[in-house]
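# Structure here, sequence nowhere to be found:
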Ligand SMILES: Nc1ncnc2c1ncn2[C@@H]1O[C@H](COP(=O)(O)OP(=O)(O)OP(=O)(O)O)[C@@H](O)[C@H]1O
């Protein structure tokens with residue numbers, strides 16, 4: 001058994017993850033949809049990126065490609081210079097498990113396990129012991145300490161969402177992808193979660209990539225990428241809410 005603290009990855013300088021002219025097309029002929037239409041960008045350690053854009057603009061598809069959960073039609077995802085498409089299944093699975101955390105819109109909690117068992121599952125699968133102090137800190141900051149013995153069906157949507165975030169944070173992944181992580185939360189819980197994500201970047205050097213429709217949530221990020229029709233239409237650096245709103249209005253028309 002390894003201690004998760006001892007094996008936490010030390011992020012190298014420069015972009016850890018790069019998209020090079022990524023394209024993802026679904027279907028054939030007239031029914032074909034180009035979900036991602038040639039996206040190039042890089043992510044540096046500790047950087048918090050929000051991805052925004054109208055429904056159907058390709059945000060979730062882009063995240064799935066960047067995380068290696070889906071393969072691009074053309075283009076590359078490079079992780080420390082290594083093309084994900086060139087890794088065999090075993091190495092890709094290991095890379096995903098050890099370096100990536102994912103918070104899905106559907107939370108993906110196992111119904112038979114308690115909240116605590118769900119949170120600790122990825123570490124257990126990796127044969128690692130949880131760092132108790134870090135566990136307590138994450139649970140405390142997400143305010144789910146009193147729900148740990150409950151199963152997902154006994155939790156509210158917002159509580160399930162925070163359990164899913166705790167599970168992703170506990171493995172201290174180099175990159176954390178979060179699809180609408182504040183969607184089920186009230187304003188206070190949403191703000192606490194965003195603060196937690198931001199400190200994962202500033203304190204632990206974790207790269208955070210978050211899809212959101214919420215302009216206030218986007219202001220917690222270091223940069224906000226605007227997508228429409230599968231392409232990046234611009235990037236804002238630490239924008240104020242009114243700047244995000246203006247950019248949203250430009251991409252939606
Ligand atoms: N498996 C699939 N098969 C066919 N088309 C798909 C598939 N997945 C996504 N698409 C299409 O690709 C486009 C981009 O979808 P995607 O889910 O990435 O958008 P999104 O910006 O995340 O949307 P939302 O904000 O509504 O979640 C959409 O037109 C969608 O219908």
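Received it, and whenever you're ready, just let me know what you need. Just so we're clear, the structure is a prediction, and the values are computed from it rather than from any experiment.
# CA only for contacts and neighbour counts going forward, please
Noted.
# Measure how far stretch 27-37 is from the centre of its chain, please.
Chain-centre distance of stretch 27-37: 25 Å, with Cα atoms, centre = their mean, to the nearest Å.
# And the average pLDDT for it is what?
In this model, stretch 27-37 carries a mean pLDDT of 93.
# Give me the contact list for that stretch.
22-26, 56-58, 61-62, 229-231 (Cα atoms under 8 Å, 6 or more residues apart in numbering).
# quick one: which of the residues you listed is nearest residue 75?
Among those, residue 22 lies closest to residue 75 (Cα to Cα), at 4.3 Å.
# Now that the closest one has come up, it's in contact with residue 75, right?
Yes. In this structure, residue 22 is within contact of residue 75 by Cα atoms under 8 Å, at 4.3 Å.
# Quickly list what's touching both of the two.
The contact sets of residue 22 and residue 75 overlap at residue 38 (Cα under 8 Å, 6+ apart).
# Who has more neighbours out of those two?
residue 22 (24 against 18; other Cα atoms under 10 Å).
# Ramachandran angles for the more buried one?
Backbone torsions of residue 22, given as degrees, to the nearest 10, read phi -70, psi 130.
# looking at the sheet around it, what are its partners?
Judged by DSSP bridges, the bridge partners of residue 22 are residue 39.
# Per-residue pLDDT of it, please?
At residue 22, pLDDT is 97.
# Pull the contacting residues for it.
36, 37, 38, 39, 40, 72, 73, 74, 75, 76, 77.
# Confirm the first one sits in a helix?
So that's residue 36. No. Residue 36 sits outside any helix when classified using DSSP: H, G, I helix; E, B strand; the rest coil, being strand.
# burial count for it?
By other Cα under 10 Å, neighbour count at residue 36 equals 27.
# same check, this time on the second one
The tally of other residues near residue 37 (other Cα under 10 Å) stands at 22.
# which is the next helix or strand following the helix ranked longest in the chain?
Taking DSSP state H as the criterion, the chain has its longest helix at helix 187-204. For helix 187-204, the succeeding helix or strand toward the C-terminus, using DSSP states H and E, is strand 207-211.
# Only the buried residues of stretch 132-143, if you could.
135, 138, 139, 141, 142, 143 (16 or more other Cα atoms under 10 Å).
# Ok, stretch 89-99 next?
Neighbour-count burial for stretch 89-99 [16+ other Cα under 10 Å]: 92, 95, 96, 97, 98, 99.
# Likewise for stretch 120-132?
For stretch 120-132, by 16+ other Cα under 10 Å, it's 120, 121, 122, 123, 128, 130.
# The fourth one contacts residue 131, correct?
Spelled out, it's residue 123. No. The criterion here is Cα under 8 Å, and residue 123 misses it with residue 131 at 10.1 Å.
# I'm done for today, thanks for sticking with me.
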